[in-house]
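In: Sequence and predicted model, in that order:
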2 protein chains.
Amino acid sequence: MPLINYGKKRDELWFIENLHGNAEYAVKVNKVLTEEESPFQHLQIFDTARLGKILVLDGIVQTSSVLEFSAPYGEMLAHVPLISHPNPQRGLIIGGGDYEIAREVFKHLSVEHLDLVDIDRRVGELTLEHMSEFTGGAEKDSRLHVHSEDGAEFVKNVPNNHYDFVLIDSTDPGGPSTPLFNARFIRNVYRILKPGGIVARQVGSLQFQPDEAPSNFRCIQSIFGEASLYISSIPIYWGGLFGFVIAVKSGALAQNLDFSEIKSRFEARNLDTIYYSPEIHQAAFLLPPYIKKRLETVYGCELIMEIEGCDLDITDAEERCKEFVERLCEKINMKRFGGFQYYNFGHAKSKTSGPSFVQLIETSSIVGHVSNYWDGTLYLDLFTCKDFDPQVAVDFAREFFGARVAFSVFLERGSVRNSARKKLHVLGEFCSERKNG
Amino acid sequence: MPLINYGKKRDELWFIENLHGNAEYAVKVNKVLTEEESPFQHLQIFDTARLGKILVLDGIVQTSSVLEFSAPYGEMLAHVPLISHPNPQRGLIIGGGDYEIAREVFKHLSVEHLDLVDIDRRVGELTLEHMSEFTGGAEKDSRLHVHSEDGAEFVKNVPNNHYDFVLIDSTDPGGPSTPLFNARFIRNVYRILKPGGIVARQVGSLQFQPDEAPSNFRCIQSIFGEASLYISSIPIYWGGLFGFVIAVKSGALAQNLDFSEIKSRFEARNLDTIYYSPEIHQAAFLLPPYIKKRLETVYGCELIMEIEGCDLDITDAEERCKEFVERLCEKINMKRFGGFQYYNFGHAKSKTSGPSFVQLIETSSIVGHVSNYWDGTLYLDLFTCKDFDPQVAVDFAREFFGARVAFSVFLERGSVRNSARKKLHVLGEFCSERKNG
């Protein structure tokens, strides 16, 4: 894992983060303070020229010792939910081994008990060793109870209605955080919150990780009934606006809290913050229109094609159908998974006779059913979570099968709920006809 | 093949036809005139108490020596298309080894050349041996050219624009007739017809073989551009109304021919018929509303379900998903084909992580994609050509997965052409919610 690279000058050390693929950012490293492999992840702390001391897990910057750089994350993940709660007493932080969130939580004097569950105790140990000025002494606070275990396992054993708040300070999905993005975990979070209890989590860059906010919003909204997204720009993370999802168990939406109430709680609790303020709190829920729209989330899309007048020498030939699937996947940049399956098991009835084929693609499928009777019509379903140009797929399919015409509709999945209540939501309709002569 | 069964009285012989499954008809057999197995089919000729002498192929009655019983088939398959043609000279009969259609065709004196292609020469030989009174001497007509070969192969070698008419007098799909229901064959029929040339074929019982007429209509309509269905009731065939599809190459629809023109052609050709008349011709195109509606044909249907809040212990377990598919197939009476496939190949991204499964069913498929992040939502596509109750499927899926709610839409396949032009044609929308408490 080349987390440190030599920059243009061979005598300089640079840290390059490439979380987002095809886009990196780099900071000059003054000194490598520590680097080790724990059982869970790769840990590094660098002293950098631009970002102060930074904690890096699996190559991704987590926090900075410079408050101006880290507070937009730490303060927003702690104070927005805690101010949204009238009297937060008992709380849980999942992740947060660097004590940043705990440091902020303890500013609320109503808090009596705080569990902190991080799978990797080395995060805390290295932070204290190299960035002790950063923890604000949270590690010594008698209200703190640290548990070095898997957060997803921890919540299973917590009684119902136990916490006033749960703050999920995880790394991005993948690695040790993977179970923290599963609906099982969120269902437990719901269960262990008291009525009126609040959850908040970070959901990544709205620009560079566009799926994360809608997905996590959807999951939490689905389980809690309602949820809100709020945003901040975080200097140590590259990617524009970063999102947080917040939800209340059996209570009013956090975003509906009156500004005067936010202000009065902020003053009553006498919070000492450098980034968070009642005005920032309120503004954080004001989303750009395109982000609001994106929260009307879909899971993926399904292109439903009917390709009429196919060349039966192609539909009847397993090798040609296989070639079609392979070339289609290339054209629309899908990754095939497993083998191509082709069966000619249609009954000898006018309607059902003809081959079917299946190709799984990461992470969905292409399924085809051919009627050799109905003038060689191919019924094709292309289901995928990945973006592609449906017109390209329709044109290619019609051309490949030498078909006269292809009709198709393009559906959003994850929106049938709306469809079933209104009319089916059709994103687009595409047609491709062979030009004669 | 128990084509002859002893009836209630052990000393009586009965022929029982069970073409339609779960419904049979039986006629008392006076005498078995002949019975043999040709390379292509099982042939029998019986002398019966009710239907006269009958020709039986693979257990299915084809024709009767009693004109009142067979003419509604033979005359309607010959005269409706030939009267629809202003000057039929050169024609082709596919099948028709019993000479019945040739007998009718030769009543049109304009006909100069008639090719008859039957795969099984034994049909004609046995007919002449045991039912010679039935052929009207057609077998000796100098205009007749008999070819003992596969009709689908024969048409491949015919030059373009060769015939004025092609009459397809086939047995039902299955057995040696199978290739005659394939779009390849119909494309060749189109090719070998002259402009203005006419094709007609029988398409089975509109009540007992409800798929045949819409399927064959669709295939011919698709290739010819337009087609018509006409009907008759045929005493030797049990199943109410039987259908014929007729189409004209590059010409006006046969059904649009003026009644005065039908009458004038009928009289000019001086046709001697016992069933067919200009009035019967015209009336045959008048379809019952439900049959007309059925010609707005669909290929099958697709139930698109989104099942929210699933029990992840079920979606995550291959065995449980397999059990779901098996029980679903039982509930809606679908036959599984091949094995159940289950893969957990989702990427560790909030949107795409989760298992997928595929089960082919005769003759389509059940495909599921699970998101374990979005509160355990199962995206299920059930594509089939067979009727089932979508509400039963939706309710069962929701219950089985212990899900909170299931939304679904039910699409007709083979209708996306219309969808793409208007709005997507949604047949039904179904919802099923768990009742709490």
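Out: In hand now; what should we look at?
In: from here on, contacts and neighbour counts on C-alpha atoms
Out: Will do.
In: can you tell me the helix or strand for A:K293?
Out: helix A:289-294 (DSSP states H and E).
In: can you list contacts of the helix or strand following that helix?
Out: Remark: after helix A:289-294, the chain's next helix or strand is strand A:300-308, criterion DSSP H and E. Applying Cα atoms under 8 Å, 6 or more residues apart in numbering or on different chains, the set of residues contacting strand A:300-308 from outside is A:375-386, A:390, A:394, A:397-398, A:403-414, B:413-414, B:416-417.
In: swap in stretch A:230-242?
Out: A:25, A:51, A:61-64, A:69-70, A:72-73, A:76, A:202-208, A:243-246, A:284-287.
In: So which residues on the stretch 51-200 of chain A come close to chain B?
Out: A:173-174, A:178, A:181-184 (Cα under 8 Å from any Cα of the partner chain).
In: on that earlier part again, looking at the contacts of strand A:300-308, which are in helices?
Out: A:390, A:394, A:397-398, B:416-417 (DSSP state H).
In: Would you format those as JSON lines with distance to B:I101 included?
Out: Listed next are those as JSON lines, based on distance: Cα to Cα, whole Å:
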{"residue": "A:P390", "distance to B:I101": "50"}
{"residue": "A:V394", "distance to B:I101": "44"}
{"residue": "A:A397", "distance to B:I101": "42"}
{"residue": "A:R398", "distance to B:I101": "40"}
{"residue": "B:V416", "distance to B:I101": "38"}
{"residue": "B:R417", "distance to B:I101": "37"}
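In: Flag whichever of those residues scores worst on pLDDT.
Out: Ranked by pLDDT, those bottom out at B:R417, which scores 68.
In: Counting neighbours, which bits of stretch A:263-280 end up buried?
Out: A:263, A:265-266, A:271, A:275-278 (16 or more other Cα atoms under 10 Å in any protein chain shown).
In: ignore the last one, stretch A:47-54
Out: A:47-48, A:51-54.
In: Need the CA coordinates for that stretch. CSV is fine.
Out: The C-alpha coordinates for stretch A:47-54 follow below in CSV (Å, rounded to 0.1, in the frame of the first residue of the first chain):
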residue,chain,number,x,y,z
ASP,A,47,3.2,15.7,10.6
THR,A,48,2.3,17.6,7.4
ALA,A,49,3.1,21.0,6.1
ARG,A,50,-0.5,22.0,5.3
LEU,A,51,-2.9,19.9,7.5
GLY,A,52,-1.0,19.7,10.8
LYS,A,53,-0.7,16.2,12.3
ILE,A,54,-3.1,13.9,10.5
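In: so how far is that stretch off the chain centroid?
Out: Relative to the centre of its chain, stretch A:47-54 is centred 27 Å away, using Cα atoms, centre = their mean, to the nearest Å.
In: contacting residues around it?
Out: A:27-33, A:45-46, A:61-66, A:69, A:131, A:236.
In: So how do I select the buried members of those residues in PyMOL?
Out: Listed next is the PyMOL selection for buried residues among the contacts of stretch A:47-54, using 16+ other Cα under 10 Å:
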select buried, chain A and resi 27+28+29+30+33+45+46+61+62+63+64+65+66+69+131+236
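In: how many neighbours does the residue of the stretch 251-400 of chain A found nearest chain B have?
Out: Residue of the stretch 251-400 of chain A nearest chain B, by Cα to the nearest Cα: A:W374 (4.2 Å). Residue neighbour count, defined by other Cα atoms under 10 Å in any protein chain shown, stands at 31 for A:W374.
In: Show me what A:V166 is bridged to.
Out: Note on A:V166: beta-bridge partners by DSSP bridges are A:L92, A:V199.
In: Give me the pLDDT value at it.
Out: pLDDT, A:V166: 98.
In: ok, which stretches of the stretch 1-150 of chain A are strands?
Out: Secondary structure of the stretch 1-150 of chain A (DSSP state E, counting those that start in this stretch): strands at A:4-6, A:13-17, A:25-37, A:42-48, A:52-57, A:60-64, A:90-95, A:113-117, A:144-147.
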